[in-house]
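**Q** got a sequence here, can you model it:
(one chain, ligands or ions: 1)
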Amino acid sequence: MQLLKDAILAKGRVDSEDILKVDSFLNHQIDIQLMNEIGKEFKERYKDEIVTKILTIEASGIAVACITAQYFGIPVLFAKKTESKNLDAETYESRVFSFTKDKYYQIRVSKRYLNETDRVLIIDDFLANGSAALGLKEIVVQANAKLVGVGIVIEKGFQQGGKILKDQGIRLDSLAVIESMKPGSIVFKP
Ligand code: 5GP
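**A** As a prediction, the model looks like this:
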């Protein structure tokens, strides 16, 4: 997606070899025009599929998931990272390793909002080693729902997530795939 790649090149910052900061349009300040184009692009790619729910993980996946869901006309369900009295007692749970925080955490989704009739599109901002996407997939499996695909805004193609998901037969749509990056230089996969 050229518009997204242009934004990454113009505004993305690579501080270390493996973390891309896109705080000015995706992860802190949010560029809604760009999010709309991203949402339309996901809808275009999945226009021949029946999708009943978009599943993401708090916090950074929620914005892109919500805007994307508008184009599908379906709800967004986000996995929660913290235990809370607000959440139903009956939950699906899985464990995710945070690439950015370097630790494991538990994610939870109420059983009330996901079941075997659902056809789920997982949406997230980044794909690195695939732990978040696989944790969400595990929740879809527990619900006996159908995983239609995984939509990612930015995949770091030099990490393992893309290969792991494809090896499991999961449909993966990444709107920008980075082949390599270092401070001052970002190269996309053609
Ligand atoms: P994974 O679980 O695939 O290893 O990592 C994906 C998750 O970690 C995403 O939900 C995203 O929030 C975060 N993440 C991974 N790599 C990056 C990165 O380079 N930049 C930012 N901003 N977030 C990242």
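**Q** which parts of the chain are helices?
**A** 2-11, 32-45, 62-72, 131-142, 161-167 (DSSP state H).
**Q** among these, which is nearest the ligand?
**A** helix 131-142 (3.5 Å; CB to the nearest ligand atom). Just so you know, the C-beta spots here come from the backbone N, C-alpha and C atoms, and that holds for glycine as well.
**Q** only the buried residues of that closest one, if you could.
**A** Neighbour counts using 16 or more other CB atoms under 10 Å place Ser131, Ala132, Ala133, Leu134, Gly135, Leu136, Lys137, Glu138, Ile139, Val140 of helix 131-142 among the buried residues.
**Q** kindly report the same for stretch 42-57.
**A** Applying 16+ other CB under 10 Å to stretch 42-57 flags Phe42, Lys43, Tyr46, Val51, Thr52, Lys53, Ile54, Leu55, Thr56, Ile57 as buried.
**Q** CSV for the helices of the chain, including mean pLDDT?
**A** Converted to CSV, the helices of the chain look like this (pLDDT from 0 to 100):
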stretch, mean pLDDT
helix 2-11, 98
helix 32-45, 98
helix 62-72, 98
helix 131-142, 98
helix 161-167, 98
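**Q** still on that earlier bit, can you narrow the buried residues of helix 131-142 down to the ones near the ligand?
**A** Within the set of the buried residues of helix 131-142, contact with the ligand (CB under 6 Å from any ligand atom) is found for Ser131, Ala132.
**Q** let me know the closest of the buried residues of helix 131-142 to Arg13.
**A** Ala132 (21.5 Å; CB to CB).
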